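Undergrad: model this:
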Amino acid sequence: MKFNQIIRALREQNNLTAREIASKIGVSTSAYLNYERGERQPNFDTLCAISDYYKVSADYLLGRTEIKEPAFIDILTALGIDDSYRLSPEEFGEAFDALEQPVKVIIYKVMTEMVNKLQSIRQDQATATVEDIPEPLKPFA
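TA: Numbers count the residues shown, from 1 in each chain. Take a look at the predicted model:
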């Protein structure tokens, strides 16, 4: 999907009017509608505001990945996993369910440590928290 289609879908999924989201991200309604129609592109600050409001990554908004969750992308990037190897959170859950218990514990510990390192490295802009670890891993906390 393209940026304009993605932001429209997000707005509709959140039951917002164009006026409401424009107000929340600090632009005029007409400017926002221009983004949705594909007639204009937002500046970086506005792109970040949209990303922050919907709690999705800028890569997701730009159509570069289908993974919405910024924390999940942070973890994969820190692990050096590029898009050709990435799984969506749903695909990850299915793959995780097929693993044996000791492997699940190891993966949880590695991901927890990775999130903690991300937080310490990027204190002021970290998006990942231990709570952002994929749901299938949470029983191993």
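
Undergrad: Now the element after the helix or strand bottoming out on mean pLDDT in the chain, going C-ward?
TA: Taking mean pLDDT, DSSP states H and E as the measure, the chain has helix 70-78 as its least confident helix or strand, at a mean of 61. Following helix 70-78 in sequence order, the next helix or strand is helix 89-97 (DSSP states H and E).

Undergrad: and the longest helix for the protein?
TA: In the chain, with assignment by DSSP state H, the single longest helix is helix 101-121.

Undergrad: elements contacting that one?
TA: Applying 3 or more Cβ pairs under 8 Å, 6 or more residues apart in numbering; DSSP states H and E, one finds that helix 101-121 contacts helix 70-78. All C-beta spots, glycine's among them, are computed from the backbone N, C-alpha and C.

Undergrad: which other residues reach stretch 13-22?
TA: Contacts with stretch 13-22, where a contact means Cβ atoms under 8 Å, 6 or more residues apart in numbering, come from 11, 24, 28, 29, 31, 32, 33, 36, 50, 53, 54.
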